[in-house]
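K.L.:
sequence-free structure coming up:
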């Protein structure tokens, strides 16, 4: 099969359908470029190809005053619950920071980090009392009515 190197553009012969680089030198250059892009917060992240003809690029959301980072959201939730200075709170922050800086990670790694952050936040916030909203109040009223009716009948 004839392919074109994604780094230098040189045509090369390969037996693998998903080959992207003509040499280990170009593969190393691509790796260093991806690492530098993820460290600098580049706007475009190239995802791995699932087939030789399918390449997908994802553009990140533009930075504006309304965009909030994952670390900021986790910090705000932990602070409002009084859990920021706890071991679990600090552990959740480490996972959130790692998830936010996951530019070069695989999809499976990002999914795993996301699940771990969700698990940690569920454990940490389990004993935190939240303000009841209208739905909670309506559900409590319905439950009380059902309980009262069962006692009478």
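P.N.:
Now that the structure is in, tell me what you want to look at. Keep in mind that what you see is a predicted model, and the values were worked out from it rather than measured. Numbering: from 1, shown residues only.
K.L.:
where in this protein is pLDDT low?
P.N.:
Counting by pLDDT under 70, the chain contains low-confidence residues at 39-66, 153.
K.L.:
okay, now the domains of it?
P.N.:
2-59, 70-125 (automatic domain parsing).
K.L.:
okay, those in TSV with distance to residue 144 and mean neighbour count next?
P.N.:
To be clear about C-beta, it is placed using only N, CA and C from the backbone, and glycine gets the same treatment. Shown next, in TSV, are the domains of the chain (distance: least, CB to CB, whole Å; neighbours: other CB atoms under 10 Å):
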stretch	distance to residue 144	mean neighbour count
domain 2-59	49	12
domain 70-125	26	15
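K.L.:
turn these into JSON lines, including distance to residue 139.
P.N.:
JSON lines is the format used below for those (distance: least, CB to CB, whole Å):
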{"stretch": "domain 2-59", "distance to residue 139": "40"}
{"stretch": "domain 70-125", "distance to residue 139": "20"}
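K.L.:
residues contacting residue 112?
P.N.:
Residue 112 is in contact with no residue at all, counting by CB atoms under 8 Å, 6 or more residues apart in numbering.
K.L.:
i'd like the first residue to be 732 from this point on
P.N.:
Shifting the count to begin at 732 puts that one at residue 843.
K.L.:
that one should be in a strand, yeah?
P.N.:
No - with the criterion set as DSSP: H, G, I helix; E, B strand; the rest coil, the secondary structure at residue 843 is helix rather than a strand.
K.L.:
if I look at it, how far off is residue 833?
P.N.:
To residue 833, residue 843 is 10 Å away according to CB to CB, to the nearest Å.
K.L.:
what about residue 866, which helix or strand?
P.N.:
According to DSSP states H and E, residue 866 maps onto helix 865-883.
K.L.:
sorry, back to before: closest to residue 877 out of the domains of the chain?
P.N.:
When the domains of the chain are compared by CB to CB, domain 801-856 sits nearest residue 877, at 28.5 Å.
K.L.:
mind checking the SS state of residue 743?
P.N.:
strand.
K.L.:
skip the chain neighbours and tell me the closest residue to it.
P.N.:
For residue 743, ignoring the flanking residues on the chain, the nearest one in space by CB to CB, 6 or more residues apart in numbering is residue 753 at 4.0 Å.
K.L.:
for the one you found, what are its contacts?
P.N.:
Residues 734, 736, 738, 739, 741, 743 are the ones in contact with residue 753 under the rule CB under 8 Å, 6+ apart.
K.L.:
that'll do, ta.
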